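*Asks:* test case, fold it:
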Amino acid sequence: MQISSWVLIAMMALKYTILEEASFTLSFEYFISVFVYGLFTTHTYKLVVDKYQVDEAPVQTFLLFPLIGNIVIGFLFFILDVQFTSADVMKNEYKNFGDYFGLFVDDIWVTTPWFFFFHILRYVTQKQTMSEKMISMEKMLIKSELEALKTQLHPHFFFNALNSIKALMVIDHHEAREAVDQLSDLLRLSLNIGSSQLVRVDEEIKLTKAYLFLEKIRFDKRLKYQFEVDDKLIHKMIIPISLSTLIENAIKHGIAKNKNGGEITIQIYEERDRLLIKVSNTGSFIANETKRTDGGIGLTNLKKRLELQYGGEGSLHIEEVNGNVVSTILIPMSKTNLS
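*Replies:* Reported below is the predicted structural model:
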């Protein structure tokens, strides 16, 4: 940028200088001198601006620097012009102070475009840098918030699993030991998934099936479930413990509240360039609406995570359809690939 700017300025100076009748050699020397002189002086000016952090100074100081810089460098070019002008020309055309001052003003006008574009470009660059820093800080904040939210999930999630084993120990000790093995697998899966920002759909399904196994022990015939998953989507990326949260709430607010239990249907499919994770369960949404949105760890946490991860493009919707509560996570397909 510096080089191209001073090539243009040197061409302008050569065109409008008083060396109009000069030889090619002298004109070329003048062109090179203006170019090198300008490159050196303005680079020095840039170092001074960086040293004193002019961009962060008050407006008066900020405006003062380019004004003084332009005058100083313009004066240096005035000396350069005088050096390249023959004694005869100086004697005939520059007879008083006003003539010299006019040449000085012309040299200032030659350097003014550089100062103008330098500070405009510097301002735009710094604005862009600040914008990038703000975006980076926002991403770091979002990541830290997501991590904080995820750490809240594990105690809540395993509390229910432990309750399942506790209930089983009263009935069958042997089966309780098997359930402990399942809980161990569940813990291992959860730790692997919980340490990631995003997980594959099949990993989330594996975790959910382990959780449902434990809940099936507790509810026995009162709990039925089935999976309907598009195999083409099992490698897509979603936020961890999202499907599991829907299942947990379906059991807590639907199956557990119904004397005869009920059925849970898990569907994962693509529709209108969005990945849908849909959980339908027996129950009434109206009766449990307050509990579902009480600001606790469950669905409220999931909504926050979706908002943070996808910037408003991911969402959670809950509705009652034909006697079933349907909870649906919507994620743009463009955000489900591993980046």
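
*Asks:* now the helices for the stretch 151-300 of the chain?
*Replies:* Secondary structure of the stretch 151-300 of the chain by DSSP state H, counting those that start in this stretch: the helices cover 173-194, 201-219, 242-250, 285-292, 299-310.

*Asks:* turn those helices into TSV, including distance to Lys278, mean pLDDT and mean neighbour count.
*Replies:* All C-beta atoms are positioned from the backbone trio N, CA, C, and that covers glycine. Listed next are these as TSV, based on distance: least, CB to CB, whole Å; pLDDT from 0 to 100; neighbours: other CB atoms under 10 Å:
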stretch	distance to Lys278	mean pLDDT	mean neighbour count
helix 173-194	20	76	15
helix 201-219	13	87	20
helix 242-250	9	89	24
helix 285-292	14	51	14
helix 299-310	14	83	19
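
*Asks:* where in this protein is the helix or strand with the lowest mean pLDDT?
*Replies:* None of the helices or strands of the chain scores lower by mean pLDDT, DSSP states H and E than helix 285-292, at a mean of 51.

*Asks:* about what we covered before: among the helices of the stretch 151-300 of the chain, which comes closest to Ser27?
*Replies:* Smallest distance to Ser27 across the helices of the stretch 151-300 of the chain (CB to CB): 63.1 Å, for helix 299-310.

*Asks:* distance from the chain centre to the closest one, please.
*Replies:* On the basis of CA atoms, centre = their mean, to the nearest Å, helix 299-310 sits 16 Å off its chain's mean C-alpha point.

*Asks:* ok, Lys236 touching Pro332?
*Replies:* No - counting by CB atoms under 8 Å, Lys236 stays clear of Pro332, with 11.1 Å between them.

*Asks:* more neighbours: those two, which one.
*Replies:* Lys236 (20 against 13; other CB atoms under 10 Å).

*Asks:* got the phi and psi for the more buried one?
*Replies:* Main-chain dihedrals, Lys236, degrees, to the nearest 10: phi -70, psi 160.

*Asks:* separation between the nearest residue to it once chain neighbours are set aside and Leu308?
*Replies:* Distances taken as CB to CB, 6 or more residues apart in numbering place Thr336 nearest to Lys236, at 4.0 Å, with adjacent residues excluded. As judged by CB to CB, to the nearest Å, Thr336 and Leu308 stand 16 Å apart.

*Asks:* equivalent analysis for Val48, please.
*Replies:* 44 Å.

*Asks:* hmm, back to that, and of the helices of the stretch 151-300 of the chain, who's closest to Asp106?
*Replies:* Short answer: helix 299-310, nearest of the helices of the stretch 151-300 of the chain by CB to CB, at 59.3 Å.

*Asks:* elements contacting the closest one?
*Replies:* Here helix 299-310 touches helix 97-169, helix 242-250, strand 315-321, strand 324-332, going by 3 or more CB pairs under 8 Å, 6 or more residues apart in numbering; DSSP states H and E.

*Asks:* pLDDT (mean, whole number) over the shortest one?
*Replies:* Strand 315-321 carries an average pLDDT of 92.

*Asks:* output that strand as CSV, restricted to C-alpha atoms.
*Replies:* Taking C-alpha atoms only, strand 315-321 is exported to CSV below (Å, rounded to 0.1, in the frame of the first residue of the first chain):
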residue,chain,number,x,y,z
SER,A,315,-34.9,-23.8,18.9
LEU,A,316,-37.0,-26.0,21.1
HIS,A,317,-40.8,-26.2,20.7
ILE,A,318,-43.3,-28.1,23.0
GLU,A,319,-46.9,-28.7,22.1
GLU,A,320,-49.7,-31.2,22.7
VAL,A,321,-50.9,-33.2,19.7
